[in-house]
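S.K.: Have a look at this prediction, sequence included:
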Amino acid sequence: MATTERTYIIPLRKEYMKAPMYRRAKKAVNAVRTFMKKHMKCENILIGPKLNLKIWEHGMKNPPHRVKVTAVKDDKEDTVRVELFGFDFKPKEKKEKKEKKPAGIAGKIQEKLAPKEEKAPKAEVTTKKDIKEKKPAVKKEGKKEEAAEKKEEKPEEEKKKEEKP
């Protein structure tokens, strides 16, 4: 694998001064690309996340005047990876796409026909509020049981009174 690694200081001010204030950071990114195309003789330029953050650090209107970068050219893939000096280039990790379920009747039919996945029971999570609520509830339960017994006794006593006369 043939790779070439070089360090450059890219002057951005000369380029972004040609653009209006509200486009300066975009112009600075394009300046990095054109500089790398000229010096590394490659069309496919990948700018690293740290370099991108450095250019956009003070907003769109105020990019840095110059940037020190490390450029790594990979002849096999025909690409140049550019990253801020002192950092390694790490490409973005692609996230897995979620499957979109069809909406409406088609989605409901598909759910019924598809095999059902077993759902694991969820563990109960207790919070401080739950603990505080449970303590008084225990005391109330004892009173509730006593009240329930008294309610049951009253109808029996009434029945006995009704039977006597």
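M.R.: Received the coordinates, thanks. Residues are numbered from 1 along each chain as shown.

S.K.: R81 is in contact with C42, correct?
M.R.: No: using CB atoms under 8 Å as the test, C42 is too far from R81 to be in contact (10.3 Å). Every residue, glycine included, has its C-beta placed from N, CA and C.

S.K.: Neighbour count for those two, which is higher?
M.R.: Per other CB atoms under 10 Å, whichever of C42 and R81 has more neighbours is R81, with 22 against 16.

S.K.: Phi first, then psi, for that one.
M.R.: phi -100, psi 120 (degrees, to the nearest 10).

S.K.: Could you report the separation of it from G107?
M.R.: Distance from R81 to G107, counting by CB to CB, to the nearest Å: 43 Å.

S.K.: Show the contacting residues for V29.
M.R.: 47, 52, 55 (CB atoms under 8 Å, 6 or more residues apart in numbering).

S.K.: of all those, which comes closest to V67?
M.R.: I55 (7.0 Å; CB to CB).

S.K.: How many residues are close by that closest one?
M.R.: So I55, with other CB under 10 Å, has 23 neighbours.
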